[in-house]
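Colleague: Pasting the sequence and the predicted model now:
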Amino acid sequence: MSNAKSQGASLNRLTLITSPPPHVHAAVTVDKMVYLTILSLMPAVIWLVYLFGWQGLRVFLVCSVAAAGTEAVIGRLRGKALTLKDGTAVLTGLILALLLPPTIPSWMAALGAVVSISLGKQAFGGLGFNPFNPALIGKVFLTAAFSSHLTDWTSPGNFGTPVSSPLEIWRGGGTLPAYQELILGQTGGFLGEYALWALLLGGLFLTVRGYVDWKVPLAFLGFTGILMLCFGQDPLWHILAGGLVLGAFYLAGDPVTTPVTSSGRVVFALGAAFCLVVIRLWGGYPEGMAYALLLMNGLTPLLNRYLRPRKRRVSFHA
């Protein structure tokens with residue numbers, strides 16, 4: 001009995017220190033998880049370079065280099081060791097590039113990457129402390145500051161010729177692009193919209209490897225389709241249009257800015273789907289993926305508070 005009491009007293013005196021997310025409960029490091037996520041994006045990058053040539057490659061290079069450079073400069077100014085080896089800055093740059101149109105000026109893409117890292121990540125203390133997804137912060141900043149450039153769509157076959165995005169055509173009551181056109185990127189939109197099949201392939205790879213909770217994309221995509229069906233819309237078309245697939249696998253599955261429990265992540269995905277549908281149907285901007293996810297990022301602490309993991313009993317043996 002006295003031994004058990006002494007062990008309990010020792011436990012009370014322990015100082016428990018937890019590291020910031022992502023918390024990976026597997027035989028894999030955060031660095032490996034990030035690099036495998038980058039690897040999963042390579043089919044999309046290659047496909048977009050095939051479609052747009054140098055213009056597509058340019059956006060990826062500018063965003064990645066600017067994000068990594070900003071990370072290095074801020075780390076040096078703060079007197080901290082360089083953290084570029086974890087790959088998170090490059091990953092942020094790649095995802096930001098997928099959220100931008102291929103016609104965006106290089107300086108504007110670079111500015112978006114700088115804002116993503118400086119205001120979206122480092123301003124909160126760096127990796128694991130940022131409440132909002134950095135790439136989404138950069139996207140929303142550019143949309144607010146340079147809205148005309150962020151909606152300057154073009155087609156792969158005739159670069160520079162203005163076209164409408166699928167969601168703009170839908171809002172305007174025009175003839176909707178077919179499923180095949182959406183899947184193969186034969187429409188207008190930001191870079192991620194041209195590589196839907198490749199992003200779906202990469203997302204499924206991450207899901208099979210266990211880096212994305214399969215319930216998150218299922219809840220996000222499925223609930224969006226159900227809600228759209230309830231409002232008389234084509235559910236599959238709305239799942240394929242816009243950045244929903246990119247958001248479901250690569251943004252709603254972000255381990256840093258989403259809830260820590262599986263149930264919390266599902267509620268997060270359902271809430272994001274609801275917000276996205278509301279914005280698409282009644283908002284001023286037809287693609288509401290970025291705003292929906294940022295709103296749910298802000299609610300993540302609340303979800304973590306009320307959807308806590310189950311407590312486990314700890315027993316001491318003499």
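Modeller: Everything's here; your move.
Colleague: contacts and neighbour counts: CA atoms only from here.
Modeller: OK.
Colleague: where's the residue positioned nearest the centre of the chain relative to Trp282, distance?
Modeller: In the chain, the residue lying closest to the centroid (CA atoms, centre = their mean) is Leu251, at 2.1 Å. Note on Leu251: its distance to Trp282, by CA to CA, to the nearest Å, is 23 Å.
Colleague: before we move on, what about Gly192?
Modeller: In terms of CA to CA, Gly192 sits 23 Å off from Trp282.
Colleague: Give me the more crowded residue out of those two.
Modeller: Shown here are Gly192 and Trp282; by other CA atoms under 10 Å, Gly192 has more neighbours (28 against 9).
Colleague: How many residues are close by the nearest residue to that one once chain neighbours are set aside?
Modeller: In this structure, Gly192 finds its nearest non-sequential neighbour in Leu98, 4.5 Å apart by CA to CA, 6 or more residues apart in numbering. Residues within reach of Leu98, counting by other CA under 10 Å, total 28.
Colleague: wait, Leu98 sits on Leu191?
Modeller: Yes. Using CA atoms under 8 Å, Leu98 is in contact with Leu191, at 4.8 Å.
Colleague: which SS state does Thr175 fall under?
Modeller: For Thr175, the assignment made with DSSP: H, G, I helix; E, B strand; the rest coil gives coil.
Colleague: Next, count neighbours for it.
Modeller: That count, for Thr175 with other CA under 10 Å as the rule, works out to 9.
Colleague: What pLDDT does the model give it?
Modeller: Reported pLDDT at Thr175 in the predicted model: 90.
Colleague: Centre of the chain to stretch 235-248, how far?
Modeller: 14 Å (CA atoms, centre = their mean, to the nearest Å).
Colleague: CA atoms only for that stretch - export them in PDB, please.
Modeller: Extracted in PDB, the C-alpha atoms of stretch 235-248 (Å, rounded to 0.1, in the frame of the first residue of the first chain):
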ATOM      1  CA  PRO A 235     -24.000  15.800 -56.300                       C
ATOM      2  CA  LEU A 236     -21.300  14.100 -58.300                       C
ATOM      3  CA  TRP A 237     -20.700  17.200 -60.400                       C
ATOM      4  CA  HIS A 238     -20.300  19.400 -57.400                       C
ATOM      5  CA  ILE A 239     -17.900  16.900 -55.800                       C
ATOM      6  CA  LEU A 240     -15.700  17.000 -59.000                       C
ATOM      7  CA  ALA A 241     -16.000  20.800 -59.500                       C
ATOM      8  CA  GLY A 242     -13.800  23.300 -57.800                       C
ATOM      9  CA  GLY A 243     -11.200  22.300 -55.200                       C
ATOM     10  CA  LEU A 244     -13.200  19.800 -53.200                       C
ATOM     11  CA  VAL A 245     -11.000  16.800 -53.800                       C
ATOM     12  CA  LEU A 246      -7.800  18.900 -53.000                       C
ATOM     13  CA  GLY A 247      -9.500  20.200 -49.800                       C
ATOM     14  CA  ALA A 248     -10.800  16.800 -48.700                       C
END
